[in-house]
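Asks: The following block contains a protein sequence and its predicted model.
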Amino acid sequence: MKYIKKTRNYFRKIWSLTLRSMKIAKGLSYWHVNQEIGKCFIPNQLKGYYNDLTKKTIWNGLVDDNGIPLTQFDDGRVIYFPTTITQKALGHFDLFLVTSNEHHLAEFFKLCNWLVKNQDEKGGWKLEVYKDVTYSAMIQGEAISCLVRVYNLSEDEKFLKSADKALQLLLTPIEKGGCAWYDKDNIYLEEFPSKDRNTILNGWIFAIFGVYDYCLLTVRKEIKETFDKSILTLKRNLKYFDSGFWSYYDIKKNIASPFYHNLHINQFHALYLVTNDEVFRMYRERWESYKSKFINRNLALLIKVCQRLKNPPEIISR
C-alpha cells in the first residue's frame with residue numbers, strides 16, 4: 001500500500017512539473033513571459049532596454065501601500081523581490097518611450113526611488129529567499145540599468161551614487177562578499193555567488209548589460225576594461241553552454257527551459273548589436289536552428305522535467 005501511494009505521488013509530481021514547464025514554455029507565467037529584443041533598444045545609447053520587459057509591467061500580485069510589488073512564495077513568505085522591481089521598472093521605462101504616457105514615467109521613478117531607499121550599506125539588494133546567497137550579479141546589473149537611465153533623465157546625483165555603489169558590489173570578488181568570480185584574466189558575474197562557481201548564462205548577461213550601461217554614462221576606462229574582459233570570458237565559455245541540440249541554463253549542464261533558451265537567443269542578438277562580434281551572431285543562429293527542430297524542443301523539455309524532479313527548485317513564486 002505504501003508503494004502504491006509513493007508511486008501515485010511520484011506521478012502526480014511529474015504531472016505537476018510537466019504542466020508548469022508547458023505553462024512556462026507558452027509564456028503564460030508572469031516570471032517567464034517571452035522577451036524579444038527591446039522595443040526601443042538602440043545600441044550604444046541609454047535608450048530602451050536590451051530585452052523587452054514591457055509585459056512585466058502587468059502585475060496582478062500583492063503590492064504595498066505605495067504600489068510596490070510584493071512577491072509571495074509557496075512557502076508563505078511575502079517579500080520585496082528585487083528582480084521583480086527592477087524588471088518592472090525597465091518595462092515601464094520602455095513603455096514611456098513607446099507611448100509618452102506619463103503614468104509609465106511616474107512608475108519608473110517610483111520603483112527607482114525604492115531601489116535607492118532600500119539599497120544597503122554594501123551597495124546591494126539582498127536575496128532574502130535563498131539560504132546561501134546574499135547578493136546577485138543579475139539584480140545588481142539590472143538595478144544599475146535602472147539607475148543610470150533615471151539619472152540620465154533627472155540628473156539627480158542620488159541615482160548616480162546608488163549606481164556607483166551597486167557597481168562596486170557587483171565587481172567585488174565573491175570571497176569578499178561580492179558577485180564577481182576572478183580567475184586569471186577571466187571575469188564571471190555570478191547570479192548566485194557561491195564557493196563553487198555555477199555560472200548562470202542569462203544572469204551573467206543581464207549583469208554585463210548593467211556594466212555596459214554604466215560605461216555609456218560615465219566613460220570610465222577601468223570599467224570599460226572590465227566589461228571587455230567579461231565579454232571575452234563569455235565568448236571563451238559559450239561552448240560549455242551548448243549541448244549540441246539545445247542550450248544549458250548553467251555551467252553545471254542543467255538544460256534550459258524553452259523560455260531561457262529563447263532568452264539566450266535574444267540576449268545574443270543584443271550583444272551582437274552592441275559588440276559587432278560574430279561569435280554572438282553565430283551562437284544566436286545556431287541556437288535558433290536548435291529551436292526549429294521538433295525533436296530538439298521535446299527532448300529538451302523532457303530532460304528539463306527529469307532534472308527538476310531530481311533537483312526541485314529551492315523556491316517557487318506564485
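Replies: That came in fine, so what should we check first?
Asks: Now do the strands in the stretch 1-150 of the chain.
Replies: With DSSP state E, counting those that start in this stretch as the definition, the stretch 1-150 of the chain shows strands at residue ranges 62-63, 69-72, 78-79.
Asks: Partner strands of the last one, with direction?
Replies: Sheet neighbours of strand 78-79, with direction, are listed as strand 69-72 (antiparallel) (DSSP bridges).
Asks: Can you list the buried residues in the strand it pairs with?
Replies: 69, 71 (16 or more other C-beta atoms under 10 Å). Backbone N, C-alpha and C define where each C-beta goes, glycine included.
Asks: what residues does it touch?
Replies: Residues from elsewhere that reach strand 69-72, judged by C-beta atoms under 8 Å, 6 or more residues apart in numbering: 59, 61-64, 78-81, 84-85, 88, 317-318.
Asks: Point out where the stretch 151-300 of the chain drops to low pLDDT.
Replies: For the stretch 151-300 of the chain, no stretch is flagged by pLDDT under 70.
Asks: give me that answer again for 90
Replies: Residue ranges of the stretch 151-300 of the chain with pLDDT under 90: 194-196, 219-220.
Asks: which residue ranges form the strands in it?
Replies: According to DSSP E, counting those that start in this stretch, the strands that the stretch 151-300 of the chain contains are 180-183, 186-189.
Asks: what about the helices in the stretch 151-300 of the chain?
Replies: 157-170, 201-218, 221-237, 258-275, 278-291, 294-310 (DSSP state H, counting those that start in this stretch).
Asks: Nearest to Ala137, out of those?
Replies: Ranking the helices of the stretch 151-300 of the chain by proximity to Ala137 (C-beta to C-beta) places helix 201-218 first, at 3.8 Å.
Asks: centre of the chain versus that closest one, how much separation?
Replies: Put simply, helix 201-218 sits 11 Å off its chain's centre (C-alpha atoms, centre = their mean, to the nearest Å).
Asks: Go through it and flag the buried ones.
Replies: Within helix 201-218, the residues that count as buried by 16+ other C-beta under 10 Å are 201-218.
Asks: Lys47: what's it in contact with?
Replies: Here Lys47 is in contact with 40-41, 97 (C-beta under 8 Å, 6+ apart).
Asks: How confident is the prediction for it, by pLDDT?
Replies: Lys47 carries a pLDDT value of 94.
Asks: And it, how far from Glu107?
Replies: 18 Å (C-beta to C-beta, to the nearest Å).
Asks: for Lys293, same thing?
Replies: Distance from Lys293 to Glu107, by C-beta to C-beta: 40 Å.
Asks: now swap in Lys304 and tell me
Replies: For Lys304, the distance to Glu107 - C-beta to C-beta - is 34 Å.
Asks: who's more crowded, the two?
Replies: Each of Lys304 and Glu107 has its neighbours counted (other C-beta atoms under 10 Å); Lys304 has more, 24 against 20.
Asks: Do I have it right that the more buried one meets Ser257?
Replies: Yes - if you go by C-beta atoms under 8 Å, Lys304 and Ser257 touch, sitting 5.4 Å apart.
Asks: So how do I select the buried members of the contacts of strand 69-72 in PyMOL?
Replies: Buried members of the contacts of strand 69-72, defined by 16+ other C-beta under 10 Å, are picked up in PyMOL with:
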select buried, resi 59+80+81+84+85+88+317
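Asks: Distance to Gly124 for the contacts of strand 69-72 - can I get that in a markdown table?
Replies: Formatted as a markdown table, the contacts of strand 69-72 follow (distance: C-beta to C-beta, whole Å):
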| residue | distance to Gly124 |
| --- | --- |
| Trp59 | 23 |
| Gly61 | 23 |
| Leu62 | 23 |
| Val63 | 23 |
| Asp64 | 20 |
| Val78 | 21 |
| Ile79 | 15 |
| Tyr80 | 13 |
| Phe81 | 14 |
| Thr84 | 16 |
| Ile85 | 13 |
| Lys88 | 19 |
| Ser317 | 20 |
| Arg318 | 25 |
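Asks: I am finished for the moment; much appreciated.
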